[in-house]
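Chemist: Predicted model and sequence below, questions to follow.
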Amino acid sequence: MIVANWKCNGSKTMIDAWFKNYIKDSEESNGVFIGIAPPTIYIERVANIAKKKSLQIKTGSQDIDISSGARTGAISIEMILDNNCYFSIIGHSERRELFSENNIEIRQKIIKIMDKTLPILCVGETLEDNKKDFTKDVLREQLEVINNLEFNNKLVIAYEPVWAIGSGLTPDPKDINEIHKFIKDVVQSNTNNSANPSVLYGGSVNSANAASFFNEDYVDGALVGGAALDGSSFAEIVNLFNGIKQ
Ligand code: PGA
């Protein structure tokens, strides 16, 4: 599973160029889940182009709000479902940091969407936590948002160390593998029906380093920011994934 998080980037012109490059460089793939989370205002445009070009790309949202109604600027789950969204990223570190999202809201969002669309819950430690060797404690606390829930559909966790996002730095692939195993174990023990999540790695993934992550057993894919803004480099990452995991 490879998911592009475009964040607050893009334009109509960028989207057209993106698809041109993606189509030029993407190889035949066999059923792997390929997602794009564009800014909400472009979701329909991206979904329409993907459909017209018969690409297996699925669109999703970068967030949802906890409810609808008098909440200026918000996007509700109903709107997301009404607009070709197959997944929703929840609890990205930029939402936690810049929009002060906390575990209570993140849990509400997960509960709201878990039976309707695929949640991609982001977790990850700061550099300070990492240096103090607090990574597992921080992740355990962030993962409390799924405690005692029953996931009848798929759940995806994206492990995104905050210090690796957009920095060009990444953890050692072996350490990522160990953390992914830890995340799977925590989720399995704390959910009602022992959910078995897919775990993606995110944070400075690009076409030069992606293979080193995909070669690890517990890495089920990637959540890609900067390198997903260009159709060619995203296609290369998808090609690498197909070559290694399929
Ligand atoms: P990055 O972002 O690939 O640019 O580091 C990843 C993310 O924030 O999801």
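Modeler: Ah, there it is.
Chemist: in the helix or strand of the chain with the lowest mean pLDDT, what counts as buried?
Modeler: Least confident helix or strand, the chain: helix 77-81 with a mean of 94, by mean pLDDT, DSSP states H and E. For helix 77-81, the neighbour count (16 or more other Cβ atoms under 10 Å) marks 77, 79, 80, 81 as buried. Quick note: C-beta positions are derived from backbone N, CA and C, even for glycine.
Chemist: what sits up against it?
Modeler: Here helix 77-81 makes contact (Cβ atoms under 8 Å, 6 or more residues apart in numbering) with 61, 64, 65, 68, 88, 112, 113, 116, 117.
Chemist: what do you get for stretch 216-227?
Modeler: Contacts of stretch 216-227 (Cβ under 8 Å, 6+ apart): 1-7, 33, 89, 120, 122, 158, 160, 165-166, 173-174, 176-177, 180-181, 184, 198-202, 204-207, 210, 213-214, 233-234, 237, 241, 245.
Chemist: what is the mean pLDDT for that stretch?
Modeler: The average pLDDT within stretch 216-227 is 98.
Chemist: Buried ones in it, by neighbour count?
Modeler: Buried residues in stretch 216-227, counted by 16+ other Cβ under 10 Å: 216, 218, 219, 220, 221, 222, 223, 224, 225, 226, 227.
Chemist: Can you name the two of these that sit furthest apart?
Modeler: Using Cβ to Cβ, the buried residues of stretch 216-227 span at most 23.9 Å, a distance reached by 218 and 226.
Chemist: In a markdown table, list the buried residues of stretch 216-227 along with distance to residue 131.
Modeler: Shown next, in a markdown table, are these (distance: Cβ to Cβ, whole Å):
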| residue | distance to residue 131 |
| --- | --- |
| 216 | 23 |
| 218 | 23 |
| 219 | 23 |
| 220 | 27 |
| 221 | 27 |
| 222 | 24 |
| 223 | 23 |
| 224 | 25 |
| 225 | 23 |
| 226 | 24 |
| 227 | 26 |
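Chemist: quick revisit: pick the one among the contacts of helix 77-81 closest to residue 99.
Modeler: The shortest gap between residue 99 and any of the contacts of helix 77-81 belongs to residue 65, at 10.8 Å (Cβ to Cβ).
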